[in-house]
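# Here's my sequence, what's the structure:
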Amino acid sequence: MAETITFFVDKLSNLAVQEASLFGGVEGQISLLRNELEWISLFLEEATATRTDDDRRLKLWMNQIRESAYDAEDVIDEFIVGLEHKRQRRLQNLKFLRLLLPTCVIFADKLPLVHELDGRIREINVKIEKILANKSRYCVENPMMPSGAWSSSSPNEVVTWGEKRLPIIEEADVVGMKDEAEAVKQMLLSNGELMRGVVAIVGMGGLGKTTLAKKVYNDPNVNRHFQCRALVYVSQVYTIRELLMGIANNVMRETDHMRNMGENQLGNEVCKYLEQRRYLIVLDDVWSIQVWKGLCSYLPESKESRVLITTRNQQIALDAYAKLYQLRHLGEKESWELFLKKTFPTSSRSTISHVVCPAELEDVGKKITRKCKGLPLAIVVSGGLLSRKEKTPSSWEKILRSMEWHLSQGIESCMGILALSYKDLPYFLKSCFLYCGVFPEDCEIEASKLIQMWIAEGFVQARGEETVEEDVGEDYLEELIHRSMIQVVKRKWDRRVKSCRIHDLLRDLAISKAKDSKFFEVHGNIIFAYPFNPRRLISHDSQNISQHLHNCHRLRSLICSIHLPQVNFWSFLRSAKLLTVLNLTLTANPNLQRPEMKLPKEIGEFIHLKYFRFSSSEKTRFPRSIGRLINLETLDLRDNFLLDIPFSIWKLHQLRHLYLGRLTHLRQSILELRCFSSHLGIDKMTNLQTLYVGQEQWLVRRDLSKLTQLRKLSFRGANMRRNSSYELIFPSNLVKLILNYCRSEQEDPMLTLGNLPNLRALKLINDAYIGEEITCSYGGFSRLEFLKLSGLTNLKKLIVEEGALPSLKTLKISSCHQMEKLLHQLQKLKSLQQVNLVDMNPRLIEEIEDTEGEEFDKIRLITSISSIIQRLMEA
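The predicted structure is shown next:
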């Protein structure tokens, strides 16, 4: 609640600074509004931290204040939309002078809009004044709950990524699961069943079913026993085709052909691949027996293969004829050990089991632990909460009294404890946490996508001129992880979060709190008999969402998946002009051939749009009006079958993250090339931080050195040869580079790339280079920490000169079948910590495993070898 108003006040202040003349003669009323809201925001930060959920008077008063702030934001954004329409109309009426006219709106055009704005802001100020008067009239005060003072941290107090922080206890470190993991492992590895067998882990939400399944799945013995493995999250909303695609992505190399297959064809492809292999498939969070019935025919009766199911419903396990493992609650000793791990994190894994609680805290700590009823999720969240508090008896007693208060209100034990941790979040993290509820249940959330959406929504503010919002967003995410509100799924090479997920119970909490504060609405939970005008609308599997969008003029965010055809879906564009986030996934029957889909030109009217992700299984054509999305910061078009994008995309100079699919065509006329090629192009998009491109034509403006903000670059098919028309000049600030299908053959790319001073991660994949040798020269790659070589079919040698790659920590090489020697080159890499070899030449593997010598033993200790192709090699 307080965060909503705080974000709007920040927005008003930024507008006042950036657009000094924007509001004309309305500055006084705008200033009055901003000052009033600043005081209200401070009051609400304290009120939301200390109020009880059943204080109806305070809740009503806060809701009215929030609605007034929303009204003010809508009025100002509608004013900005009106100004942009005036500017566009003026330019349309004078097309022949378009290049000479200023882009601003003259005062005569602006005057009626300013007059209307003045009247509406005055009305809102009067309304807020009356609401404030009601606070005293109806004795709405700031109630004090037995919890004492809660967190009131500012955004600047979040620990930054660069600061030293104790490692977080990941899910795999949960106590009390050693015996459980061993029991489930034996059920999977036993030789009692020669054909496919099913094992089920059964238990209530929060008991750690997923944690146990992942612990077993990642066990080295399990890894060695099964020739291929897949872990797929199912949850309540699924399709059999999606689950099959999840299995295929894990065990096979995904192709464009597979992505366009129907369920039967894809299922047969998966079945054919698995039938000659010993496989393990983990189906996590199964709610319906129909999941097993739909998949079992595609999972062949291969020798000693296993399917591991996790479910809350024992009947599902029985119907699947599974061996049952009933997960129990933690005992008192195990609960206490887990509590200590979370409350007193240590910097050394070897000392975790020896953590000792101060004597003066032990009694109250054990009382807190007993309140969690042996539920690991509740213990982990409680421990995460206390890890941020003072280690004093009085501080812990306050937490205990708060837990007792919550449980006395009749709230289910675990949910009450989780709500307590939500209440303890600083105001600027509450919106970030609630936003995690917009993703589907059990969804693996891409961290960069989540942070980009937070930024678009205005939840993240840069700390001064030196810090970019994306870095602050990463700090916010790490803070939520540290508090155990979000779980890490994968980490990147530099230990930053790659993907995360939110536990089902925490997601339920987020959705409940979001509904209560009108933060967002989930389409399936809406009662349409009441007035329906949400600010954020979420719909993951809706067949009839179109009919509910025509009155959504306040809509700021739309996140939805739609099955085509949807009649009049795009008609809602006429009313939802204030969209900030648009995340659309359009799917159709892959067996039906459909004509090219054209997005309507009205999409260009979303001038407030900052985040736009579009995914479609159909060929799609974007209109020229996309160039009018002047505030767009993220454009994500990766997951599409075929896209046709107009030349006007180069007008989006505020873009920070641009993701283009492999089959994305740039549409440009001869007139556009003649008139605009000198001042429009990729090298003019100087705010870009991330660039993923899939075809050479996107790099026709090839001097990328002007993109001084660019950190991540991935391209496919562009030629790196000198004297080539597509020769690339890389920016010196580049941190991560991915080259894919470049088929460079005349020159070793390492000669150029080794000179990039800030490069820390490099991937050469799928014949990015088709020569036989690559050389890392003396002094080259001074900061490179991660190197991946994959699918370089002609590569025979990796040569490392002395003094090259001094910082390299991780080397991954896969499917480079011509490479026969490597060990002596690895000796020269003094900082190397991890080597992964996948699907490599048996002679290279033999060299690694059999060469004797103490210096080679050290290399073997850090080397993992998997999925070796056993084939005869020609002498």
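# Can you tell me which helix or strand of the chain has the lowest average pLDDT?
Counting by mean pLDDT, DSSP states H and E, the chain has its least confident helix or strand at helix 670-676, which shows a mean of 55.
# Following it in sequence, what is the next regular element?
The element immediately downstream of helix 670-676 (helix or strand, assigned by DSSP states H and E) is strand 690-693.
# ok now the next helix or strand after that following strand, how far from the chain's centre?
Scanning forward in sequence from strand 690-693 by DSSP H and E, the next helix or strand is strand 712-716. Computed by C-alpha atoms, centre = their mean, to the nearest Å, the chain-centroid distance of strand 712-716 equals 19 Å.
# going forward can the numbers begin at 214, since that is how I track them
Done: numbering now begins at 214, and the last item shifts to strand 925-929.
# State which helix of the protein is the longest.
Across the chain, the longest stretch assigned as helix under DSSP state H is helix 269-306.
# what comes up buried for the very next helix or strand once past that one?
Reading on from helix 269-306 to the C-terminus, the next helix or strand found by DSSP H and E is helix 320-350. By 16 or more other C-beta atoms under 10 Å, the buried positions in helix 320-350 come out as 322-323, 326-327, 330-331, 333-334, 337-338, 340-341, 344-345, 348. All C-beta atoms are positioned from the backbone trio N, CA, C, and that covers glycine.
# Lowest-confidence entry in the residues you listed?
pLDDT is lowest at D322 among those; the value there is 66.
# hmm, who's touching stretch 666-678?
Residues outside stretch 666-678 that contact it (C-beta atoms under 8 Å, 6 or more residues apart in numbering) are 216, 220, 223-224, 368-369, 641, 644-645, 648, 664, 681-683, 685-686, 689, 769-770, 793-794, 796, 823-824, 846-847.
# From those, keep the buried residues only.
Neighbour counting with 16+ other C-beta under 10 Å marks 216, 220, 368, 641, 644-645, 648, 664, 681-683, 685-686, 689, 769-770, 793-794, 796, 823-824, 846-847 as buried within those.
# I'd assumed F854 was in a strand, is it?
Yes. Looking at F854 with DSSP: H, G, I helix; E, B strand; the rest coil, it is inside a strand.
# Give me the average confidence score over the biggest strand by length in the chain.
Selection of the longest strand in the chain by residue count, based on DSSP state E, yields strand 824-834. Average pLDDT, strand 824-834: 89.
# buried residues in that strand?
Buried positions in strand 824-834, judged by neighbour count with 16+ other C-beta under 10 Å: Y824, F825, R826, F827, S828, S829, S830, E831, K832, T833.
# Report the contact partners of the last one.
I take that to be T833. Contact analysis of T833 by C-beta under 8 Å, 6+ apart lists E809, M810, K811, L812, F827, N853, F854, L855, L856, D857.
# Which of the residues you listed lies at the shortest distance from E1067?
Of all the contacts of T833, N853 has the smallest distance to E1067: 53.1 Å, by C-beta to C-beta.
# Who does the helix or strand just after the longest strand of the chain pair with, and is each partner parallel or antiparallel?
Moving toward the C-terminus from strand 824-834, the next helix or strand (DSSP H and E) is strand 847-850. Here strand 847-850 has these sheet partners by DSSP bridges: strand 824-834 (parallel), strand 870-873 (parallel).
# Kindly format the C-alpha coordinates of the longest one as CSV.
Only the C-alpha atoms of strand 824-834 are listed here, as CSV (Å, rounded to 0.1, in the frame of the first residue of the first chain):
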residue,chain,number,x,y,z
TYR,A,824,8.2,-3.9,-21.2
PHE,A,825,6.8,-5.8,-24.2
ARG,A,826,7.2,-9.5,-24.5
PHE,A,827,5.5,-11.2,-27.4
SER,A,828,5.5,-15.0,-28.1
SER,A,829,3.5,-16.7,-30.9
SER,A,830,3.5,-19.9,-32.8
GLU,A,831,2.2,-18.1,-35.9
LYS,A,832,4.0,-15.9,-38.5
THR,A,833,3.5,-12.4,-37.2
ARG,A,834,3.9,-9.0,-38.9
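# Good, wrapping up.
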